[in-house]
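Engineer: Turn this into a model:
(chains A and B)
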2 protein chains.
Amino acid sequence: MPQTPHIEKHFTGKDRVRDIVIGMSDGLTVPFALAAGLTGAVAQTGVIVTAGLAEIAAGSIAMGLGGYLAARSDAEHYASERQRERGEVRDRPEVEAAEVAQVFQEYGLSEEESAPVVQALVRRPEAWIDFMMRFELGLEKPDPQRALVSALTIAFAYIVGGMIPLTPYIVFRQTRPALAASVLATLVALWIFGYGKGRFTGIAPARSAFQTTLIGGLAAGAAFAIARLVS
Amino acid sequence: MPQTPHIEKHFTGKDRVRDIVIGMSDGLTVPFALAAGLTGAVAQTGVIVTAGLAEIAAGSIAMGLGGYLAARSDAEHYASERQRERGEVRDRPEVEAAEVAQVFQEYGLSEEESAPVVQALVRRPEAWIDFMMRFELGLEKPDPQRALVSALTIAFAYIVGGMIPLTPYIVFRQTRPALAASVLATLVALWIFGYGKGRFTGIAPARSAFQTTLIGGLAAGAAFAIARLVS
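Structural biologist: From the prediction side, this is the model:
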């Protein structure tokens, strides 16, 4: 099954935005929550910075490399399904023609009504295969160049996002002022990021900003409470 | 734009598997890498357990709640696009009819060949709207019940995955044996998980197992190296 998010065609020009959103959502949230959580349990900012940097390294690699391999798998999945579809169109054209008619039947069309389109596709095998890939299987042709660019964009966005909550712990030597500055900087960043994300994804910006900030705040609060409980 | 991964229709019964894969991939990788990384820098297992539990709390909430809101946004996006499409079909039927013909033109069909299907859809406005949603916009009708189940599944899988690398740090009082047991348990878990994931997603299981283990290992190695460098 496809492992990368499906984007409708008139948005493919915004793949880069999508990757930045994926990386930065988690980058702003998880290192922020981890640092806030540790502040409730650890006295030295040094340990928090170490844990935060380790988390950013792990998270950016896991998300970037994971995204790269998922995109490669999708491309291979598409190629192998297309191969299979080509074989079926060649070996059992009557079955495949019936499947085309069936796609239209789901929309209440009779066999007579869909027959001209079915016949026209049967005359153009390559277009027929493309049609089946999209309309029977719901698969979009993946861009082979995207996997690497996507992986690097996601990883970079994660690092940028993660450094915002962590920088105060590098600047301040005491955990309390570091926590205050980190919470303030990150909530502002989450709000701006959520607002921008809303504008790009078609959700009301103010609502997206609120939701994004809420997730970050809840995650940080839960991490803080749990770290307090166990330490 | 849709924010949840697109699954082709004959896989929708396996949504639960997809959610487990999403949660467990990150759950096995990031807490593992964080714990391994901190072992290179911190002498007490207590700090590592605290950081690990804080990370699991933050990660499961960020992924679960993030998935919930993304699924809800997708459902609203679908509803608002369908509303728009309904208005266009009502107010500008000739433009929409031309757009149906255009979908078929991409597959090399002439207007004469697609005309019977276009006319049949024009006679059935509801089916016409559904057809445009799927074939013009590439949007699948989302299941309104799924958002909550999906969020809880992802969060639970993240917690289960994260407890595997962390448990040795709870059991052992010294960091070195804890690290050894954590690395062993997690690499075995990553291998089994990657193998199972391959079987469900159609990638060769051995290759999927190798890739999944590699990502976890690289993330943990990088976290370890960075924690060593800064501490």
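Engineer: what distance separates stretch A:74-85 from the centre of its chain?
Structural biologist: With C-alpha atoms, centre = their mean, to the nearest Å as the basis, stretch A:74-85 stands 22 Å off its chain's centre.
Engineer: Equivalent analysis for stretch A:36-52, please.
Structural biologist: The answer for stretch A:36-52 is 29 Å, by C-alpha atoms, centre = their mean.
Engineer: list the buried ones in that stretch?
Structural biologist: Of all the residues in stretch A:36-52, those buried under the rule 16 or more other C-beta atoms under 10 Å in any protein chain shown are A:36-42, A:45-52. Glycine gets a C-beta too; all of them are placed from N, C-alpha and C.
Engineer: right, and out of those, which lies closest to chain B?
Structural biologist: Minimum distance to chain B across the buried residues of stretch A:36-52 is 3.1 Å, recorded for A:Gly37 (C-beta to the nearest C-beta).
Engineer: is the helix or strand containing the closest one up against chain B anywhere?
Structural biologist: With secondary structure defined by DSSP states H and E, A:Gly37 is part of helix A:15-39. Yes: counting by C-beta under 8 Å from any C-beta of the partner chain, chain B has neighbours in helix A:15-39: A:18, A:21, A:25-26, A:29-30, A:32-34, A:37-38.
Engineer: coming back round to it: pick the one among the buried residues of stretch A:36-52 closest to A:Gly221.
Structural biologist: A:Ala36 (7.9 Å; C-beta to C-beta).
Engineer: quick one: the closest residue to that closest one other than its chain neighbours and B:Gln145, what's the gap?
Structural biologist: Closest residue in space to A:Ala36, ignoring its immediate chain neighbours: A:Ala220 at 4.2 Å, by C-beta to C-beta, 6 or more residues apart in numbering or on different chains. According to C-beta to C-beta, to the nearest Å, A:Ala220 and B:Gln145 sit 30 Å apart.
Engineer: contacting residues around the nearest residue to A:Glu113 once chain neighbours are set aside?
Structural biologist: Closest residue in space to A:Glu113, ignoring its immediate chain neighbours: B:Ala120 at 4.0 Å, by C-beta to C-beta, 6+ apart. Each residue near B:Ala120 by C-beta atoms under 8 Å, 6 or more residues apart in numbering or on different chains is listed here: A:108-110, A:113-114.
Engineer: For the helix or strand encompassing B:Ala120, give the mean pLDDT please.
Structural biologist: Using DSSP H and E, the element containing B:Ala120 is helix B:111-122. Averaging pLDDT along helix B:111-122 gives 86.
Engineer: those helices in chain A, which residues are they?
Structural biologist: Here chain A has its helices, by DSSP state H, at A:15-39, A:45-91, A:93-105, A:111-122, A:125-135, A:146-171, A:175-201, A:205-230.
Engineer: Dump these into JSON lines; add distance to B:Arg199 as well.
Structural biologist: Shown next, in JSON lines, are those (distance: least, C-beta to C-beta, whole Å):
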{"stretch": "helix A:15-39", "distance to B:Arg199": "26"}
{"stretch": "helix A:45-91", "distance to B:Arg199": "13"}
{"stretch": "helix A:93-105", "distance to B:Arg199": "26"}
{"stretch": "helix A:111-122", "distance to B:Arg199": "34"}
{"stretch": "helix A:125-135", "distance to B:Arg199": "23"}
{"stretch": "helix A:146-171", "distance to B:Arg199": "23"}
{"stretch": "helix A:175-201", "distance to B:Arg199": "33"}
{"stretch": "helix A:205-230", "distance to B:Arg199": "32"}
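Engineer: rewinding a little: from the contact counts, what lies against the helix holding A:Gly37?
Structural biologist: Packing partners of helix A:15-39 (3 or more C-beta pairs under 8 Å, 6 or more residues apart in numbering or on different chains; DSSP states H and E): helix A:45-91, helix A:146-171, helix A:175-201, helix A:205-230, helix B:45-91.
Engineer: quick one: which of those is nearest A:Leu139?
Structural biologist: helix A:45-91 (5.6 Å).
Engineer: Please name every helix or strand in contact with the closest one.
Structural biologist: Against helix A:45-91 (3+ C-beta pairs under 8 Å, 6+ apart) you get helix A:15-39, helix A:93-105, helix A:125-135, helix A:146-171, helix A:175-201, helix B:15-39, helix B:45-91, helix B:205-230.
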